[in-house]
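Visitor: Generate a structure from the sequence data that follows.
(2 chains)
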Amino acid sequence: MSSIFKKQLVQAIAIVVALVMFGDFFLGTPELKAGAGTLQNWVVIISNMALGLGAINLLHSNTESVVRKDKVWPFSAWLIVLFGSLLGLGLSGYIIKGDPLTNSLYSWAMNNVYISLGETLYAITAFFVFSAAYRAFRARTLDAFVLLAAGILVMLKNAPVGEAIWSGFPVIGNWLIITGQLPSMRTFIIVGALGLIAYGFRALLGKEPGFYGGIKE
Amino acid sequence: MAFLLLAVSLGLFYAMMYMGKRGGVVKVRALPAMEAIPEAVGRAAEMGKSVFYTTGVGGLSISNASQGPQTLASISIMEYAARMSAKNGVRLDLFTPIPDALPLMEETLRNAYELEGSTVDFNADMIHFVPEYDPYVAGCLGYLQRERPASTLLIGSFASEAVILGEAGNTIGALQIGGTAQTGQIPFLVATCDYVLISEELYAASASISQNPDILGSLKGEDFVKFGIVAVIIVGVLLALTGSRALVNILKV
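Guide: Predicted coordinates:
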């Protein structure tokens, strides 16, 4: 299939899908609602197929890595072992009682290994936030000084010690959050939505190469 | 009312694109973050290192209503970065945890390297698919520490990994370009990156680097709609000060 034809096919499908979804949102007739529902189901099915394809691809590339004895082949071998073990444990629980979580070994691996490791990684975010805050709050310019002052005031609003020092800190902190921050954030949301509409419009007209896998007009 | 506003906006976009096509030159504001991409790739070429690109966690699916479009916009920018990398013989390593966006990313990256006839051949190993949030973040951190890329491009829909990856990039001294429409993550990218695409700029980015006047026209159209929104806000504030709710009733807020 030539790339131009492929692009036109994707564009045609995108236009039809967009028309059905727009129609459902603005008109909401039973036919359009049913059509939109079917399309949304297709999305779920295609996404799940992509997951299955991803799993096969993962095994394929890591098996190749082991066969080629790449620099990282021991990690690939370990991945294949874990993939097979967890899949086996989950499937056995599913086959026997209809729920993978009924296999206690599977639950143990998820709760005590995967979730624990995940939470540990998530917890280190705090240290990255500290160093980013230090970088942002160095008062080298007037703008940075204003940012630093606002940051300290909001911190004193949130920390109980702030109110203990002076009852005005929560008032100032709330003013900064509600009157200062909220409208700014809403501005980002409004212009972001506008940018999204324009992007979608360009994509439907075939003007966004990234939407078509890099195929230009 | 929503339909009317949408129709007017789309009409303006189309009119400006048409005028751009007929009139030739359309001037739009420059986006420093997009202008910095050649600098980021050039730095990698000079240092003989790679460019790190990530689309962010993106809600783990391209079909995610609010975050999927940001991933798509990121792929458009990745196409530009990949073509620049291919031209300069630089390897671009792409990290993503989004399984259903993989085929599109692979196609885009392959097309970019093939179209530019790069000295660095496209290799599927350039795409590092690391499923789920935690393994993805760990994988990116490991790559940044081991390979120490010259430049990092953090563009797409981010959650808390914005600050983690941004700070990790700072630690290795990489030139960093960020971009997201996730309002909660914008401050972290501003704090950690050298250049940032803020909110709507993420969607406008690929159009802004295009020399195509009709595509640039759509950005001009966006600016006109923004002027309209600002005017409505000012009128709304003035009416509210007089105690009138006329505009609120018209817009059915």
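
Visitor: ok, now which ones touch the residue nearest the centre of chain B?
Guide: With distances taken as CA atoms, centre = their mean, B:Leu202 lies nearest the centre of chain B, 3.5 Å away. If you count contacts by CB atoms under 8 Å, 6 or more residues apart in numbering or on different chains, B:Leu202 has them with A:192, A:195, B:70, B:73-74, B:77, B:155-156, B:179-181. Where C-beta positions appear, they are placed from N, C-alpha and C, glycine not excepted.

Visitor: B:Tyr14: which of the residues you listed is nearest?
Guide: When the contacts of B:Leu202 are compared for distance to B:Tyr14 (CB to CB), A:Gly195 wins out at 16.3 Å.

Visitor: Return the distance of that closest one relative to A:Arg140.
Guide: Counting by CB to CB, to the nearest Å, the gap between A:Gly195 and A:Arg140 amounts to 32 Å.

Visitor: more crowded one of those two?
Guide: Shown here are A:Gly195 and A:Arg140; by other CB atoms under 10 Å in any protein chain shown, A:Gly195 has more neighbours (25 against 8).

Visitor: Close to chain A: what parts of the stretch 151-253 of chain B are there?
Guide: Contact residues, the stretch 151-253 of chain B versus chain A (CB under 8 Å from any CB of the partner chain): B:160, B:163-164, B:166-168, B:170, B:181, B:183, B:186-188, B:190-192, B:198-204, B:206-207, B:212, B:214-215, B:218-219, B:221-222, B:225-226, B:229.

Visitor: re the thing from before, would you list the phi and psi of the residue nearest to the centre of chain B?
Guide: As for B:Leu202, its main-chain torsions (degrees, to the nearest 10) stand at phi -60, psi -40.

Visitor: okay, now the domains of the chain?
Guide: I'll assume chain A. A:3-124, A:127-204 (automatic domain parsing).

Visitor: could you do chain B instead?
Guide: As recorded under automatic domain parsing, the domains making up chain B are B:32-208, B:213-253.

Visitor: And those domains, which one averages the lowest pLDDT?
Guide: Among the domains of chain B, domain B:213-253 carries the lowest mean pLDDT, a mean of 87.

Visitor: pLDDT of stretch A:161-176, averaged?
Guide: In this model, stretch A:161-176 carries a mean pLDDT of 93.

Visitor: Need the contact partners of it.
Guide: Here stretch A:161-176 makes contact (CB under 8 Å, 6+ apart) with A:150, A:153-158.

Visitor: For those residues, work out which two are farthest apart.
Guide: A:Ala150 and A:Asn158 (12.8 Å).

Visitor: need the strands for the stretch 151-253 of chain B, in chain order.
Guide: B:151-155, B:175-180, B:195-198 (DSSP state E, counting those that start in this stretch).

Visitor: which of these sits most buried?
Guide: strand B:151-155 (a mean of 30; mean count of other CB atoms under 10 Å in any protein chain shown).

Visitor: how about the nearest residue to A:Gly118, chain neighbours excluded?
Guide: Counting by CB to CB, 6 or more residues apart in numbering or on different chains, A:Gly118 lies nearest to B:Asp134, which is 3.9 Å off, once chain neighbours are set aside.

Visitor: now B:Gly20
Guide: Excluding the flanking residues, the one nearest B:Gly20 by CB to CB, 6+ apart is B:Gly217, at 2.9 Å.

Visitor: pretty sure the one you found contacts B:Leu12?
Guide: No. If you go by CB atoms under 8 Å, B:Gly217 and B:Leu12 don't touch, sitting 9.9 Å apart.

Visitor: of these two, who's got more company?
Guide: Comparing B:Gly217 with B:Leu12 by other CB under 10 Å, the one with more neighbours is B:Gly217, at 25 against 20.

Visitor: Alpha carbons only: can I get stretch B:245-253 in PDB?
Guide: Coordinates of each C-alpha in stretch B:245-253 appear next as PDB, following Å, rounded to 0.1, in the frame of the first residue of the first chain:
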ATOM      1  CA  ARG B 245     -25.800  38.000  34.600                       C
ATOM      2  CA  ALA B 246     -26.700  38.600  30.900                       C
ATOM      3  CA  LEU B 247     -23.500  37.000  29.500                       C
ATOM      4  CA  VAL B 248     -23.600  34.100  31.900                       C
ATOM      5  CA  ASN B 249     -27.200  33.400  30.800                       C
ATOM      6  CA  ILE B 250     -26.300  33.600  27.100                       C
ATOM      7  CA  LEU B 251     -23.300  31.300  27.500                       C
ATOM      8  CA  LYS B 252     -25.400  29.100  29.900                       C
ATOM      9  CA  VAL B 253     -22.500  28.700  32.300                       C
END
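
Visitor: Can you give the contact residues for it?
Guide: Residues from elsewhere that reach stretch B:245-253 (CB under 8 Å, 6+ apart): B:1, B:232, B:235-236, B:239-240.

Visitor: now stretch B:180-193
Guide: For stretch B:180-193, the external contacting residues (CB under 8 Å, 6+ apart) are A:129, A:132-133, A:135-136, A:185, A:188-189, A:192, A:195-196, B:56, B:67, B:70, B:154-160, B:162-163, B:166-167, B:169-170, B:176-179, B:196-200, B:202-203.

Visitor: repeat that for 7 Å
Guide: Contact with stretch B:180-193 is made by A:132, A:135-136, A:185, A:188-189, A:192, B:56, B:70, B:154, B:156-158, B:162-163, B:166-167, B:169-170, B:176-178, B:196, B:198-199, B:202, as judged by CB atoms under 7 Å, 6 or more residues apart in numbering or on different chains.

Visitor: ok, now stretch B:9-19?
Guide: The contact list for stretch B:9-19, computed with CB under 7 Å, 6+ apart, reads A:197-198, A:201, B:214, B:217-218, B:220-221, B:224-225.

Visitor: Kindly report the same for stretch A:136-148.
Guide: For stretch A:136-148, contacts defined as CB under 7 Å, 6+ apart pick out A:151, B:191.

Visitor: At the contact with chain B, which residues of chain A appear?
Guide: Within reach of chain B by CB under 7 Å from any CB of the partner chain, chain A has these residues: A:26, A:43, A:46-47, A:50-51, A:54, A:117-118, A:121-122, A:125, A:128-129, A:131-132, A:135-136, A:185, A:188-192, A:194-199, A:201-202, A:207-211, A:213-215.
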